[in-house]
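# Here is my input; please provide its structure:
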Amino acid sequence: RMSGLDLARRIRQNRPEIQIFYTSSYTEGFVTQDGDREEIGRAFIEKPFTRAGLARRVRDVLSDGI
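Modelled structure (predicted):
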């Protein structure tokens with residue numbers, strides 16, 4: 001009963017080096033309205049997405065070292 005962002009924070013408590021990729025059917029603006037934009041950064045993709053779009057976003061995130 002926690003949000004994905006809360007789960008990511010909990011995971012990072014034990015594994016701070018892990019990279020988290022966020023996906024949501026909500027817009028990025030809605031997801032980050034509580035000031036979490038810096039934490040989520042570019043590691044976000046809005047649903048629905050295509051396989052090509054997902055691959056492109058993951059490649060971008062990994063190449064930026066986020």
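# gap between Phe49 and Glu17?
26 Å (CB to CB, to the nearest Å). (Glycine included, C-beta is placed from N, CA and C.)
# Comparing these two, which shows the higher neighbour count?
Using other CB atoms under 10 Å as the criterion, Phe49 and Glu17 rank with Phe49 on top: 13 against 5.
# show me the contacts for the more buried one.
Thr23, Arg57 (CB atoms under 8 Å, 6 or more residues apart in numbering).
# In three-state terms, label it for me.
coil (DSSP: H, G, I helix; E, B strand; the rest coil).
# Who does the spatially most central residue of the chain form a beta bridge with?
Ranked by distance to the mean C-alpha position of the chain (CA atoms, centre = their mean), the top residue is Tyr22 at 2.3 Å. Taking DSSP bridges as the rule, Tyr22 bridges to Phe44.
# So it is in contact with Glu46, correct?
No - if you go by CB atoms under 8 Å, Tyr22 and Glu46 don't touch, sitting 9.6 Å apart.
# Can you show me the helices along the chain?
4-14, 28-31, 37-40, 51-64 (DSSP state H).
# where does this protein dip in pLDDT?
Applying pLDDT under 70 to the chain picks out residues 26-42, 65-66.
# how about 90 then?
1-13, 16-47, 57-66 (pLDDT under 90).
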